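K.L.:
fold the following and give me the result.
(chains A, B and C)
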Amino acid sequence: MNTATRPERWSGYALLTVMAIAVVMPFLSVFLASLQPAGTPVVGLTWPERWSWDNYERAWSVAGFSDLIRHSITIALGVVPASLVLATLAGYALGTARLPGGNAVAAFFVAGLTIPVELIVVPLYFDLRGLGLTNSYLGVILVEIALFMPFSVFWMRTHFQSTPASLVEAARIDGASSATILLRILLPLARPSLMTLGLLVFMWSWNQFLLVLVLIQDTTKHTAPAGLGFFVGQNSTDIPTLAAGTIIVMLPILILFVVFQRSFVAGLLQGAMKG
Amino acid sequence: MRSRPRVQPASGRGRSPYRGYVYVLPALAVYLAFAVLPALHTAYLSLFEWDGVTLGDWVGLGNYQEILQDPILRRSVFNALVLVVFFSFVPIVLGLAMTGLLARHRRPGMGAYRFLFMLPQVVPLVAVGVTWRWLYGDDGLVNQALGAVGLDGVTRAWLGDFSAALIAVGLVGTWVLSGLCMMLFLSGVQKVDPSLYEAARIDGAGPVREFVSVTLPHLRGELAIAMTVTTVAALASFDIVYVTTNGGPGEQTTVPGLLVYRLAFSEGKVGLAAALAVVLGFLILLIVYLINRLSRSES
Amino acid sequence: MDRTHRVRRRVAAAASSVALVLPLTACDALTPGSAAAEPGPRSVPSSTAVPGEDITLRLQFADAPLMVDALIAAFEKDHPNIRIEPQYKTFSDYVQNLKLTMTSDTAPDIAQYAVGMTDLAADGHILDLAPYREAYGWDEAVPPVSMDQLTAGRTSETTGGRALFGVPAGLSMTGIYYNKELAERAGIDSPPRTLAEFEDQLAAAKEAGLTPLGVGALDSSGLHLWAALLNQTMPTDDYWDWVNGAKGATIEKPAGITASELVIEWSRKGYYNESANGTAQVDSTAQFAKGDSVFLINGNWAAGQLATAMKDNVGFFPMPGVRASARTVASGFSVSYAISSRTEHPEAAGAFLDFLTSPEAGQIISDNGFLPANPKAVAKPEGVLADIAEGHRRAVADDGITTFPDFAAPAMLDRLRSGVQKLIADRVEPADYLDSLQDEWEEHHAQ
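P.N.:
Take a look at the predicted model:
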């Protein structure tokens, strides 16, 4: 259906390219800065005279970014599986069973899409402190699961609603229980949806800042973004090391983005509903 | 959500129809305990004057009254609304313009562009903030670029400038969200039946009319989603502000999220912080409601 | 559609009924703060014995990381079984999070004394050190004056004397650094003796095409500048009353107006670095070290760094008074450390604080540009460090060390920072600025 004329097509590409450059320049600027010798002042976009990875080594070991990354991974590994399991169970029941009041419960979850962290963080701090869950990864994990639950349930419910009813019907006639239907028949089909959801939840967990800032006071337990937020205050003069730290914090999510591009983009676009 | 043909209840014959709730309960419990109850607790705390340590005093709606009167708190709400322009309005207009220009033809190589445009969307906002803090600095890319085109006269530390700081922070939001809006609209346009465009062409429609009469009506759903997502991002913009300006200079970039954090945790005004959080939550709810209401009434 | 509408209404009804019921049931048990438990003991034991087991202490601080590292290293050598883990935060991050940090279960064992500690002391989150004061004999090693800043205005429940919530390591003071080479280029040959002379020098530097004064007003340097000027215009007694929250004290006096007007005037004349409001204190220091400005407003905590970077090319003087005969008045405090009530090792933490009063620690403190609490114990400093020691000696002799203005109320730091930024940008009338400070003061000292 290529009805475009030649100049039309090229002007389109030119425009896209200009936008793409605007998006990429900041990343490129930081990346190049991270290769400059540590401690030197860097002006804007400067090509390094020689490529040096020392800043990464320093940020990784001396500035403690290896710990920060480890903590972030610990939290994400707690949040992602739990979110997937809970959302699958709830989405399955709300999506396939005719529960009395099921729509109300689903609407109740959807209403949670609009809860910003700011709205819950103040009492959370005092309540979790009372339970001994501040400065603990468990506390952050539980709150993150709850924060992402509205979207997760919504996502899985939508998925299960779209699976052909005949599949479930046939299994039931064969006498399968509801648990068997979920495990044996629906779950294998849900792999792509679960994959996308897992990636999105991982990303939100990785990027969470305010919650960690409040709930984890012990700087030796900080996550990657929180650590970076403190690091920038102390090292705003040492641009190369700061740039290396910034890249390190972005890298895990960038790698996932490159590898699972298709699921990611699909999730972000279809799942943009998330508030 | 469209309603779909429903599957027969997964609960077996003759059992209680409530049995299915066993599956829902774990998710519901976590959601209630760590999101819904804290939100209600915030509303409750907002009725007290409390320093976070000693016994609080019941003040009813006094904290809300203070939000209306205190110039700094009012200013923070105003700033958040200004940010909506940059986080929401500008990216949507940009996205629509791009879509209008690109809608008619499927292009090879879009995958690579899509990857790039979604990039700012996936990285931590803190990292984005740290990056832009440097780009906006004296020696940053922005000043370097301005110098390169002969605008040395206007270079400055943008985040420290009273008239520029809020716009500078806003443009970071534009940078983050434009790609998302564009990709949303482009993917929406792909669902449009190509014959509609051909029909419009045969009718002699120019690009503008084609956009208004064919493209735009089909993007209503995507528009509502884009507006919702970007507005929420603008109102809850704590991360970027915290690492770039920390609210300064003066109160030029102070946003509600920042004040909630400060008031509750370093200034010992927990009740006031809770009230501001409630106002923020209410504002988000109101805007989401209005957007959904509008997009529905048009359909 | 109908169905979802009904559902939505039902959810709304349920939510609002919960919201209605909650306040009604607001009996005492639900009042925020009622569940707050006592954090622990309020005072340290009176024995100086240190257990021999392996102990790790966490120390959180905001000033002079190099000095702290050196102090820890020296202390660990004397006490091989005690390990101290330093956690550095920038000043604004530190102060912003101090209350959260110190009231959490994992509060550091030792923490730098800062704004907010007074409240924390009142609520029992940091330990009263008065028993150690006697047991270790700190009165001998530390001039009592420096410990008087650390009583949080309380009486010790254990000893009955004055309470003590921190031990000073070094004393701090703000003032003006100058780049000798650049000063010479601008025809400036000696530190100014009066404020007017200093203004002439700033003008001369401007004339010579240099940036006269570096200010990192993005965070706290702006308020240091304003306070340094206020020190010269306002009687110290009035200032102390205000910071201490004395009844009827006010900052809305002609002296406050004059100081604020000076900040504006210097800005209009272009004396500050162009991006003062967008420059952090650490950045302004780094730029000064590079030779970007003739003068720099900062505190002695930057001296170690500047002495290393600029060698003999840097000097220091306290902000001069209106008349040459005026007292030397400068803002300063002690870099002191408090002990958390939640620590499991008050004895080991006490041993570290005691180490700070030793001559060995004094030397390390002095080498890093701070003034040891007991100056007699250390070798005579050189270069810019000698300038600072001399300035401090004069200020102490004149009883002219005033505390920082942000100690007046927990939220004062934010008011001062944003207020001075507005002064620098010429965006606020001095009277309105002072009014915003006084509003905050009145709110905090209302009881």
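K.L.:
any weak-confidence spans in the stretch 51-200 of chain B?
P.N.:
B:103-108 (pLDDT under 70).
K.L.:
how about the strands of it, start to end?
P.N.:
B:57-58 (DSSP state E, counting those that start in this stretch).
K.L.:
find the closest residue to chain C in it.
P.N.:
Using CB to the nearest CB, the closest approach of the stretch 51-200 of chain B to chain C is made by residue B:160 at 2.0 Å. Glycine gets a C-beta too; all of them are placed from N, C-alpha and C.
K.L.:
what residues are up against the closest residue in space to that residue that isn't next to it in sequence?
P.N.:
Spatial nearest neighbour of residue B:160, chain neighbours left out: residue C:278 (2.0 Å); criterion: CB to CB, 6 or more residues apart in numbering or on different chains. Residue C:278 makes contacts with B:136, B:137, B:138, B:156, B:157, B:158, B:159, B:160, B:161, B:249, C:218, as judged by CB atoms under 8 Å, 6 or more residues apart in numbering or on different chains.
K.L.:
if we use 10 Å, what do you get?
P.N.:
B:133, B:136-138, B:156-161, B:164-165, B:168, B:245, B:248-249, C:216-218, C:421 (CB atoms under 10 Å, 6 or more residues apart in numbering or on different chains).
K.L.:
sorry, back to before: I figured the residue of the stretch 51-200 of chain B closest to chain C hits residue B:248, correct?
P.N.:
Yes: between residue B:160 and residue B:248 there is a contact under CB atoms under 10 Å: 7.4 Å.
K.L.:
shared neighbours of those two, anything?
P.N.:
Taking CB under 10 Å, 6+ apart as the contact rule, residue B:160 and residue B:248 both touch C:217, C:218, C:277, C:278, C:421.
K.L.:
distance check, the residue in the stretch 201-350 of chain C that chain B sits nearest to against residue C:287.
P.N.:
Closest residue of the stretch 201-350 of chain C to chain B, CB to the nearest CB: residue C:278 (2.0 Å). Using CB to CB, to the nearest Å, residue C:278 is found at 12 Å from residue C:287.
K.L.:
intersection of neighbour lists for these two?
P.N.:
Common neighbours of residue C:278 and residue C:287 (CB under 10 Å, 6+ apart) are B:138, C:216.
K.L.:
can you map out the strands along the stretch 301-447 of chain C?
P.N.:
C:314-317, C:330-331, C:334-339, C:371-372, C:401-402.
K.L.:
chain A is nearest to which of these?
P.N.:
Going by CB to the nearest CB, the one of those nearest chain A is strand C:334-339, 16.0 Å.
K.L.:
return the distance of that closest one from the chain's centre.
P.N.:
Mean-position distance between strand C:334-339 and its chain equals 11 Å (CA atoms, centre = their mean, to the nearest Å).
K.L.:
got it, and stretch B:230-250?
P.N.:
Counting by CA atoms, centre = their mean, stretch B:230-250 comes out at 11 Å from the chain centroid.
K.L.:
ok, residue 204 - contacts?
P.N.:
Just going to use chain A. Residue A:204 touches A:76, A:79, A:80, A:83, A:144, A:147, A:148, A:151, A:274, counting by CB under 10 Å, 6+ apart.
K.L.:
was after chain C, sorry
P.N.:
C:183, C:185, C:186, C:187, C:188, C:210, C:212, C:294.
K.L.:
for residue A:205, give me the pLDDT.
P.N.:
At residue A:205, the predicted lDDT confidence score is 96.
K.L.:
okay, buried residues for the host helix or strand of it please.
P.N.:
For residue A:205, the enclosing helix or strand under DSSP states H and E is helix A:191-207. Neighbour counts using 16 or more other CB atoms under 10 Å in any protein chain shown place A:193-207 of helix A:191-207 among the buried residues.
K.L.:
just the helices in the stretch 201-350 of chain C please.
P.N.:
Using DSSP state H, counting those that start in this stretch, the helices of the stretch 201-350 of chain C run over C:221-233, C:236-244, C:254-268, C:281-290, C:303-310, C:346-356.
K.L.:
tabulate the ones you listed (CSV), appending mean pLDDT, mean neighbour count and distance to chain A.
P.N.:
Listed next are these as CSV, based on pLDDT from 0 to 100; neighbours: other CB atoms under 10 Å in any protein chain shown; distance: least, CB to the nearest CB, whole Å:
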stretch, mean pLDDT, mean neighbour count, distance to chain A
helix C:221-233, 95, 25, 14
helix C:236-244, 90, 17, 26
helix C:254-268, 96, 18, 23
helix C:281-290, 90, 23, 4
helix C:303-310, 88, 20, 10
helix C:346-356, 92, 23, 17
